[in-house]
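# Please find the sequence and the predicted model below.
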Amino acid sequence: MDAQLKKGLLEVCVLAFLQRGDSYGYEMVKHISPLLPISESTLYPILKRLEASKSVQTYTKSHQGRTRKYYQITAQGNTRITEFLTTDWPQLTMIHRFIKGGV
Amino acid sequence: MERVDFIKELAAELSYKTKPREIHQLIDYYDEMIEDLIEEGLSEAEAVARLGKPKDLVKALHTEEEIVVEIPRRFHPFLYVLLILGFPLWGSLLLAAILLMLSVLLVLWCGPFTTGILGITGVLSGIASVVLSPLLITDGLFLLFSQLGVGLFLFGFGLLCLLATYRMSKLFSGLSMACILWPRQLLTNYRKKVI
Amino acid sequence: MITINKKFLVSVSLAFMFLGLIVGFVGFAMSGFSVQSYQLDERHWYQLVNFYTE
């Protein structure tokens, strides 16, 4: 898939995954990769952007003697997902029809 | 590659290109990632190999950063004429505004300056009092205790003042920098836009 | 670094001040609460604490 297209979708995917429960870096990579291939390095800027837009917040929890950074979705994040489903997705289907119509 | 070497190389690649706090965050992220991968069963070498070479990582991260584009501003020539003609008016107003801003900054910085001086004198006189107090043992124990006590108090007070100075100067330097640099963007012929 | 150190330093300096007050008060008490006793004839160079009433 085109890198730019993937980048935009990955943000919502991460948010949707976090909606199911708080998670940490590697877990997100593991669970999202089957759906949309993502590497550890690709995830990092996405998480940073989400944190900057206040769509997620973080906390640390200790695990086997070390600390892990957990990400949690915020109300803003939930809004973003709803936005995607109600606004972006219908637009995408329209674009899909447009592209198909040319064939 | 070993994990320590990976982290070291990553830090080295970033050292002058990114803010220290961001470097710290990045290192924490990759450190945690490596540990999770090891927990999943990979060896240290395999985990590091999976992440890729630090140089490539840093390159990829830099392309992720937002690009700031400079758009030339269109300046009508008539505006230039007006600007020149009206200089006596806006020139003096501008001067007054600048001087006002500078005096506000000056008054502001009196705060940390005061606490700074209080801090240094407090700490130094405190140490001096405490150190010299044993010499008073012949003149009277009460003198020794009094001097010791005052010394300790001064030292603590000085420390507090220095702390206050540090916090205040951090706060004010950000403000002062913003005040001084803010007009720069207005004056340039370009405007910056983020992609 | 800043958060841990700051709170720690504040409490340390307050502890110093508190301790200093107590010790100083003890010293003043030992002198019999007399301001006069601090005004010795021979003022040594290392006597930094004085009550100035002159």
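Everything's here; your move.
# which residue ranges form the helices in the chain?
This is for chain A. Here chain A has its helices, by DSSP state H, at A:3-19, A:25-32, A:40-52, A:75-83, A:89-101.
# was after chain B, sorry
Applying DSSP H to chain B gives helices spanning B:3-14, B:20-40, B:44-51, B:54-64, B:77-85, B:87-132, B:141-187.
# If you check chain A against chain C, which residue is the closest one?
residue A:60 (13.7 Å; CB to the nearest CB). Backbone N, C-alpha and C define where each C-beta goes, glycine included.
# do you know how far the residue lying closest to that residue once chain neighbours are set aside is from residue B:35?
Setting aside the residues directly before and after it, residue A:60 is nearest to residue A:67 in space (CB to CB, 6 or more residues apart in numbering or on different chains), at 4.6 Å. Per CB to CB, to the nearest Å, residue A:67 is found 10 Å from residue B:35.
# the more surrounded of these two?
residue B:35 (18 against 11; other CB atoms under 10 Å in any protein chain shown).
# Residue B:28 reaches residue A:66, doesn't it?
No: contact between residue B:28 and residue A:66 fails when scored by CB atoms under 8 Å: they sit 10.6 Å apart.
# Not counting its neighbours along the chain, what's nearest residue B:31?
Nearest non-adjacent residue to residue B:31, counting by CB to CB, 6+ apart: residue B:7, 6.4 Å away.
# show me what contacts that neighbour?
Neighbour list for residue B:7: B:27, B:30-31 [criterion: CB atoms under 8 Å, 6 or more residues apart in numbering or on different chains].
# Closest one of these to residue A:32?
Nearest to residue A:32 out of those is residue B:30 (CB to CB; 18.1 Å).
# tell me the contacts of the closest one?
Residue B:30 neighbours (CB under 8 Å, 6+ apart): A:40, B:6-7, B:10, B:51.
# Return the residues in contact with residue 16.
Went with chain A since none was named. Residue A:16 is in contact with residue A:81, counting by CB under 8 Å, 6+ apart.
# try chain C instead
Applying CB under 8 Å, 6+ apart, the residues contacting residue C:16 are B:152-153, B:155-156, B:159.
# which among those are in contact with chain C?
Counting by CB under 8 Å from any CB of the partner chain, B:152-153, B:155-156, B:159 from the contacts of residue C:16 sit close to chain C.
# burial of residue 10, as a residue count?
Because you didn't say which chain, this covers chain A. 20.
# Let me rephrase: I mean chain C.
Neighbours of residue C:10 using other CB under 10 Å come to 14.
# so where is chain B shaky, pLDDT-wise?
B:64-75, B:185-195 (pLDDT under 70).
# Residues of it that sit close to chain C?
For chain B, the contact set with chain C under CB under 8 Å from any CB comprises B:125, B:128-129, B:132, B:135-136, B:139-157, B:159-160, B:163, B:167.
# Restricted to buried residues, select those residues in ChimeraX.
Buried residues among the residues of chain B next to chain C (16 or more other CB atoms under 10 Å in any protein chain shown), as a ChimeraX selection:
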select /B:125,128,129,132,136,139,140,142,143,144,145,146,147,148,149,150,151,152,153,154,155,156,157,159,160,163
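# follow-up on the earlier one: closest to residue A:8 out of the contacts of residue C:16?
Of all the contacts of residue C:16, residue B:159 has the smallest distance to residue A:8: 52.0 Å, by CB to CB.
# from memory residue C:26 sits against residue B:148, does it?
No: using CB under 8 Å, residue C:26 is not in contact with residue B:148; the gap is 9.2 Å.
# Nearest the geometric middle of chain A, what residue?
residue A:14 (2.3 Å; CA atoms, centre = their mean).
# and the gap between that residue and residue A:79?
In terms of CB to CB, residue A:14 sits 15 Å off from residue A:79.
# Now do residue B:135 against residue A:14, distance only.
68 Å.
# ok, the residue of chain A closest to chain C to residue B:100 distance?
Per CB to CB, residue A:60 is found 46 Å from residue B:100.
# Could you report the neighbour count for the closest residue to residue B:49 other than its chain neighbours?
Once flanking residues are discounted, residue B:49 sits nearest to residue B:1: 7.3 Å by CB to CB, 6+ apart. Neighbour count of residue B:1, defined by other CB under 10 Å: 15.
# again, but for residue A:38
Residue A:38 has 20 neighbouring residues, counting by other CB under 10 Å.
# wait, isn't residue B:130 in contact with residue B:153?
No: applying CB under 8 Å, one finds residue B:130 not in contact with residue B:153, separated by 10.1 Å.
# Sketch out the low-pLDDT regions of chain C for me.
In chain C (pLDDT under 70), the answer is C:1-4, C:33-36, C:38-43, C:51-54.
# how about the residues of it near chain B?
So chain C meets chain B at C:6, C:9-10, C:12-32, C:37-38, C:40, C:44, C:46-49 (CB under 8 Å from any CB).
# Provide a list of residues in contact with residue B:35.
For residue B:35, the contacting residues are residue A:66, by CB under 8 Å, 6+ apart.
# Please apply the same query to residue B:11.
So residue B:11 contacts B:23, B:27 (CB under 8 Å, 6+ apart).
# tell me the domain boundaries of chain B?
B:3-65, B:77-189 (automatic domain parsing).
# Let me have the ones you listed in a markdown table, adding distance to residue A:88 as columns.
Shown next, in a markdown table, are the domains of chain B (distance: least, CB to CB, whole Å):
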| stretch | distance to residue A:88 |
| --- | --- |
| domain B:3-65 | 21 |
| domain B:77-189 | 33 |
